[in-house]
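In: how would this look folded up:
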Amino acid sequence: MKVDILIVHLNGEEIIRNCLKSIYKNTPEKIKFHIKLMLNNSKDNSEVIIKEEFPNVEITKTDKTIGFAQASNMLAKKSKAKYILFLNNDVEVRKRWLDEMIKTIEKHKNCIACQPKVKSYYNQKMFEYAGACGGFIDKYGYPFCRGRIFGDIEE
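Out: I've put the predicted structure just below:
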């Protein structure tokens with residue numbers, strides 16, 4: 001099965017390096033994936049680093065900074081894969097990170113979207129609550145926050 005991993009990036013050489021390293025290290029060989037990365041008017045050395053260290057990454061560039069949604073949509077239009085995965089550039093994935101999502105979407109034929117639980121980078125026992133990740137999605141794709149209840153972060 002084929003998965004296109006779409007990443008929008010705006011500056012931050014170490015951020016994108018860590019993200020890409022984690023994908024290549026932790027994605028099982030049975031999952032055929034291709035990374036499409038949008039350099040969203042990046043002004044640092046991210047492009048050089050990506051080309052040197054990750055030559056299989058397909059790079060698209062913009063000459064002005066555009067919004068995340070517009071950049072993601074531009075990448076999605078280029079995809080021919082069975083599955084499209086939108087991934088933030090500051091994420092470091094762990095072992096078997098795609099397995100459960102693919103199993104779920106394959107098992108439930110009416111499922112058109114899913115998201116993983118996201119743990120805090122700084123404390124792996126806690127959810128990351130930014131962007132309401134690790135929670136639930138309604139039929140319109142709107143996430144219900146899991147990970148934070150008012151001022152408390154969930155374990």
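
In: could you pull out the strands for this structure?
Out: 2-9, 32-40, 58-62, 83-88, 136-137, 143-144, 148-149, 152-153 (DSSP state E).

In: buried deepest among those, which one?
Out: Highest mean neighbour count among the strands of the chain (mean count of other Cβ atoms under 10 Å): strand 2-9, with a mean of 22. From N, CA and C alone the C-beta is placed, and that goes for glycine too.

In: what is the least confident helix or strand in the chain?
Out: Ranked by mean pLDDT, DSSP states H and E, the weakest helix or strand in the chain is strand 148-149, scoring a mean of 56.

In: how far is the longest helix along the chain from where the chain is centred?
Out: Counting residues, the longest helix found in the chain (DSSP state H) is helix 13-26. Distance, stretch centre to chain centre, for helix 13-26: 11 Å (Cα atoms, centre = their mean, to the nearest Å).

In: look up how far residue 93 lies from the residue lying closest to residue 79 once chain neighbours are set aside.
Out: Once flanking residues are discounted, residue 79 sits nearest to residue 4: 4.3 Å by Cβ to Cβ, 6 or more residues apart in numbering. Distance, residue 4 to residue 93, by Cβ to Cβ, to the nearest Å: 15 Å.

In: what of residue 5?
Out: Per Cβ to Cβ, residue 5 is found 10 Å from residue 93.

In: where in the protein is pLDDT low?
Out: Low-confidence segments of the chain (pLDDT under 70): 1, 128-138, 142-154.

In: what sits against the residue lying closest to residue 9 once chain neighbours are set aside?
Out: For residue 9, ignoring the flanking residues on the chain, the nearest one in space by Cβ to Cβ, 6+ apart is residue 89 at 4.4 Å. Contacts for residue 89 (Cβ atoms under 8 Å, 6 or more residues apart in numbering) come out as 7-10, 12, 15-16, 19.

In: and those, which two are furthest apart?
Out: 10 and 19 (13.0 Å; Cβ to Cβ).
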